[in-house]
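In: Requesting a structural model of the entry that follows:
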Amino acid sequence: MQAVLQFLTGLKENNTKEWFNDHRKQYDEAKEQMLFLTDILIQEIRRFDEDIPVLSAKDCLFRIFRDVRFSKDKSPYKTNMGSFIAAGGRKSEFGGYYIHLEPGTSFVGGGVWCPEADVLRAIRQEIYESPDNFKEVLYDEDFKQYFTEIMGEKLKTVPKGFDKEFADIDLLRYKSYAFGNSVSDEKVLGEDFVEDAIDMFRQLSHMNRFLNDAIRKRK
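Out: Have a look, this model is predicted:
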């Protein structure tokens, strides 16, 4: 992953179209390395998650170009590379597996991030109806070894349509049901990185199964 981190380090310091064009060869090498990693992860995840179909790594890798139309920050490029592995690829509404490489802030994770309202309600409804099943995964020791908390923002109030007296009401306040585990640059460049990422994803598969069962019930 050295080509990825080296390119992104330079890009962070020189986030311009001129620099990017001058270093197009480095970008192409980094992209190919990221696609290779993504392809390996797809194959390995399919061994323990039957919901993951045969996918193209290109359909999972996010574009490096930023959408600056509505942003005060007009930097043209993201300073990270990430892939989301799920049924349907990077645009999927289903819970999946995310790998994020960025110098100093890489992480391995997944789940469902900022879903549409109907998907979010379906997940909350499933937790409401089967809280013990959700907590069994959330508080499992092997899962918690990597994923200690649900990421993202929470509502300060009770979600509309749910009983405020529900014993686990706090678990319904989340706007995302996503998880992440930080990985140092040293680990990213280490020989065990891919194996470690697969171990994390294997634990995450139990949570994705819960989330995706909920999402499918909505359809």
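
In: the helices in the chain, which residues?
Out: For the chain, the helices defined by DSSP state H occupy 2-13, 17-22, 24-45, 57-60, 117-129, 131-138, 141-144, 185-188, 193-218.

In: CSV for those, including mean pLDDT, mean neighbour count and distance to K74?
Out: The C-beta positions use only the backbone N, C-alpha and C, and glycine is treated the same way. CSV is the format used below for the helices of the chain (pLDDT from 0 to 100; neighbours: other Cβ atoms under 10 Å; distance: least, Cβ to Cβ, whole Å):
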stretch, mean pLDDT, mean neighbour count, distance to K74
helix 2-13, 95, 18, 15
helix 17-22, 95, 12, 11
helix 24-45, 97, 17, 19
helix 57-60, 96, 19, 27
helix 117-129, 96, 18, 30
helix 131-138, 97, 15, 40
helix 141-144, 96, 12, 40
helix 185-188, 96, 15, 28
helix 193-218, 95, 19, 33
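
In: Out of those, which is closest to E102?
Out: Taking Cβ to Cβ, helix 2-13 is the member of the helices of the chain nearest to E102, at 6.2 Å.

In: now for the closest one, which elements pack on it?
Out: If contacts are counted by 3 or more Cβ pairs under 8 Å, 6 or more residues apart in numbering; DSSP states H and E, helix 2-13 sits against helix 17-22, helix 24-45, strand 96-101.

In: show me the contacts for G88.
Out: For G88, the contact set (Cβ atoms under 8 Å, 6 or more residues apart in numbering) comprises F94.

In: how close does it get to K217?
Out: With the distance defined as Cβ to Cβ, to the nearest Å, G88 ends up 18 Å from K217.

In: circling back to that earlier point, for the helices of the chain, which one sits closest to I169?
Out: helix 117-129 (9.0 Å).

In: Contacts for the closest one next, please.
Out: 93, 112, 115, 134, 159, 161-162, 166, 168, 171-172, 175, 177, 210-211, 213-215, 217-218.

In: Report the contact partners of the residue lying closest to S56 once chain neighbours are set aside.
Out: Among residues not flanking S56 along the chain, G89 sits closest, at 7.6 Å (Cβ to Cβ, 6 or more residues apart in numbering). The contact partners of G89, by Cβ under 8 Å, 6+ apart, come to 55-56, 59-60.

In: What pLDDT is listed against S75?
Out: Predicted confidence (pLDDT) for S75: 88.

In: and the nearest residue to it once chain neighbours are set aside, how many residues sit next to it?
Out: Nearest residue to S75 in three dimensions, chain neighbours excluded: N15, at 4.3 Å (Cβ to Cβ, 6+ apart). Residues lying near N15 (other Cβ atoms under 10 Å) number 17.

In: what's the spacing between N15 and D67?
Out: Using Cβ to Cβ, N15 is found at 15 Å from D67.

In: and if you look at L211?
Out: As judged by Cβ to Cβ, L211 and D67 stand 26 Å apart.

In: Same question for K78.
Out: Using Cβ to Cβ, K78 is found at 10 Å from D67.

In: now K25
Out: K25 sits 25 Å away from D67, going by Cβ to Cβ.

In: now E29
Out: Distance, E29 to D67, using Cβ to Cβ: 25 Å.

In: now the farthest one out in the protein, which residue is it?
Out: Distance from the C-alpha centroid of the chain, by Cα atoms, centre = their mean, peaks at E165 (31.8 Å).
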